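Participant: I would like the atomic coordinates for the input below:
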Amino acid sequence: MRARLVEEYRQTGASLHSLARKYGVGDGTAWGWVKGQRSKLG
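Facilitator: Next up, the predicted model:
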């Protein structure tokens, strides 16, 4: 799910907030996925 959110964010330029709602995660979680991929897993 994380990879899909990040891929969609990069391809569409959608806001992290809207993607977080779409995927049912928190804004902070989505932000961490996009910004901290190397250090964060899950």
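
Participant: In which helix or strand does the residue nearest the centre of the chain reside?
Facilitator: Geometric centre of the chain, nearest residue: residue 30, 3.5 Å, by Cα atoms, centre = their mean. Using DSSP states H and E, residue 30 maps to helix 27-35.

Participant: that older thread, neighbours of the spatially closest residue to the residue nearest to the centre of the chain that is not a sequence neighbour, just the number please.
Facilitator: In space, and not counting its chain neighbours, residue 30 is closest to residue 20: 3.8 Å by Cβ to Cβ, 6 or more residues apart in numbering. Every residue, glycine included, has its C-beta placed from N, CA and C. Residue 20 has 20 neighbouring residues, counting by other Cβ atoms under 10 Å.

Participant: Any buried residues in stretch 9-20, and which?
Facilitator: 9, 16, 19-20 (16 or more other Cβ atoms under 10 Å).

Participant: Just give me the closest of these to residue 35.
Facilitator: Of all the buried residues of stretch 9-20, residue 35 sits closest to residue 16, with 9.1 Å by Cβ to Cβ.
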